[in-house]
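Peer 1: for reference, the sequence and a predicted model appear below.
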Amino acid sequence: MKIGVLTGGGDCPGLNAVIRAVVKTAINDYDMSVTGFKDGFEGVILNNYINLDRDSVSGILSLGGTILGTSNQADPFNFPIKQADGYTYLDRSSELMTNFERLGLDALIVIGGDGTMAAAGGLGELGLNIIGVPKTIDNDLYGTDQTFGFDSAVVTATDAVDKIHTTAQSHHRVMIIEVMGRYAGWLGLASGVAGGADIILVPEIPYNLEVVCEKVKERNRQGKNFSIVVIGEGATAEGGDMVVSRMIDTSPDAVRLGGISNQLAAQIEGLTELETRVTILGHLVRGGSPTPFDRLLGTHFGCEAIHLAARKEFGRLVVLKNNKFDSIPLEETAGKTRKVPLDSPLLSAAKSLGISLGVSDEKLKQMAEEANTKAAANEPAAEEVGA
Ligand code: F6P
């Protein structure tokens, strides 16, 4: 068999571990050949590809980023074309299909997040033999218990929280650390708990400013004259809106979040009269070498993707479910975002540790009950709702 592979969407640590596992398993177990497309789907559309052999993947396991390059703006169904006054979008999926056939490839493995999987599902419907591998630091891809890249991002963000702690303590300041994660709070929650934050604010739980400030003041009354707040970029105040940092003109309707921490800092400072500073970690959490966990997860995912291809099980996403590797139809993940459920054990642990989630206990209980009522009525749960 001849296999194509590409990496799409935002990069993250572990992409090279997957590429390496795909290439080695294809060659060692099945004597397949592998073509690597550059910069996501763009490489298939623009015929930009390389042959991947054992030598090409030698020494890449611990490397961050992706040797193939990536793009989160090369949707084959909405491909951006630059015009004098902005961008227009073309459906170039048929060119992609033609190029793929011309190369005599039997299957395409796409390593990416929800945008990549949505396009993969569409290409599968057009008849392309496609297999998805779930990637993202956001950990928000529906259908898998974990995406690779998340663990590495948690390690980097936790290290930042640790470092901010010492300076917060020295200067008696409120320090806010904003982390990526889009519409899901996994990264903020995990790094906040691991880093011993005092307040964690996630998009799934709109925060009440007074509750946040009361926690800061309570700590001061207890003689703890600093506070650490970890906030997800998609978090909002009750009744407030997400803060958009930029519009993306090469993707229709796409925005990038960021900056909520600046608003929050001004409000905390105003209400508590305590000096409050902001650190926005941004793309830092997407960089660097993958953790051993992500190397292992990425390796398993890459091997599984090739085993699926060998069995001709196409149109599927490789997943980790209850500690087992499995696969689900691509359409099951499409249009959904895996958010932090309100009955998450980690949220409950955070509360037991005295970490404020920015709302009163009564409010959180009420929100959880509403979520249960929806579940009983078979309405989509929070973690299934599209962003
Ligand atoms: O999906 C991964 C992610 O890093 C999000 O957490 C973040 O909102 C977004 O990508 C940033 O995208 P870009 O690299 O285009 O700024």
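Peer 2: Looks like it arrived, so ask away. Numbers count the residues shown, from 1 in each chain.

Peer 1: how much space between residue 332 and the ligand?
Peer 2: 20 Å (CB to the nearest ligand atom, to the nearest Å). Every residue, glycine included, has its C-beta placed from N, CA and C.

Peer 1: residue numbering should commence at 29 henceforth.
Peer 2: Okay, residue one is now 29; in that scheme the one you just asked about reads as residue 360.

Peer 1: give me the pLDDT value at that residue.
Peer 2: Confidence at residue 360, expressed as pLDDT, is 96.

Peer 1: what number of residues lie near it?
Peer 2: 14 (other CB atoms under 10 Å).

Peer 1: grab the nearest non-local neighbour of it.
Peer 2: Leaving aside its sequence neighbours, residue 360 sits nearest to residue 171 (CB to CB, 6 or more residues apart in numbering; 5.6 Å).

Peer 1: now do the contacts for that neighbour.
Peer 2: By CB atoms under 8 Å, 6 or more residues apart in numbering, the residues touching residue 171 are 162, 345, 347, 356, 360-361, 364, 366.

Peer 1: in contact with whatever residue of the stretch 179-328 of the chain ends up closest to the ligand, which residues?
Peer 2: Closest residue of the stretch 179-328 of the chain to the ligand, CB to the nearest ligand atom: residue 208 (3.2 Å). Residue 208 is in contact with 165-166, 181, 215, 260-261, 286, 309-311, 313-314, counting by CB under 8 Å, 6+ apart.

Peer 1: try it again with 6 Å
Peer 2: Neighbour list for residue 208: 261, 313 [criterion: CB atoms under 6 Å, 6 or more residues apart in numbering].

Peer 1: and it, what are its phi and psi?
Peer 2: Backbone torsions of residue 208, given as degrees, to the nearest 10, read phi -70, psi -180.

Peer 1: next: residue 183.
Peer 2: Dihedral pair for residue 183: phi -60, psi -50, per degrees, to the nearest 10.

Peer 1: with adjacent residues omitted, what lies nearest to it?
Peer 2: Nearest one to residue 183, counting by CB to CB, 6+ apart, is residue 319 at 5.4 Å.

Peer 1: what is the burial count for the one you found?
Peer 2: By the measure other CB under 10 Å, the count of residues near residue 319 is 20.

Peer 1: try residue 368
Peer 2: 24.

Peer 1: who in the stretch 79-228 of the chain is up against the ligand?
Peer 2: Proximity of the stretch 79-228 of the chain to the ligand, by CB under 6 Å from any ligand atom, involves residues 100, 141, 164-166, 208-210.

Peer 1: looking at those residues, which two lie furthest apart in space?
Peer 2: Within those, two members stand farthest from each other by CB to CB: 100 and 209, at 15.2 Å.

Peer 1: who has more neighbours out of those two?
Peer 2: Ranked by neighbour count (other CB under 10 Å), residue 100 and residue 209 place residue 209 first, with 31 against 19.

Peer 1: residues in contact with that one?
Peer 2: 166, 215-216, 260.

Peer 1: looking at the residues you listed, spot the one nearest residue 338.
Peer 2: Distances from residue 338 to the contacts of residue 209, taken by CB to CB, are shortest for residue 166, at 30.3 Å.

Peer 1: hang on, that closest one in a helix?
Peer 2: No. Looking at residue 166 with DSSP: H, G, I helix; E, B strand; the rest coil, it is coil, so not inside a helix.

Peer 1: my read: it touches residue 210, true?
Peer 2: Yes. Using CB atoms under 6 Å, residue 166 is in contact with residue 210, at 5.3 Å.

Peer 1: the more surrounded of those two?
Peer 2: Each of residue 166 and residue 210 has its neighbours counted (other CB under 10 Å); residue 166 has more, 29 against 23.

Peer 1: could you check the pLDDT of the more buried one?
Peer 2: pLDDT, residue 166: 98.

Peer 1: for residue 277, same thing?
Peer 2: Looking at residue 277, its pLDDT reads 79.
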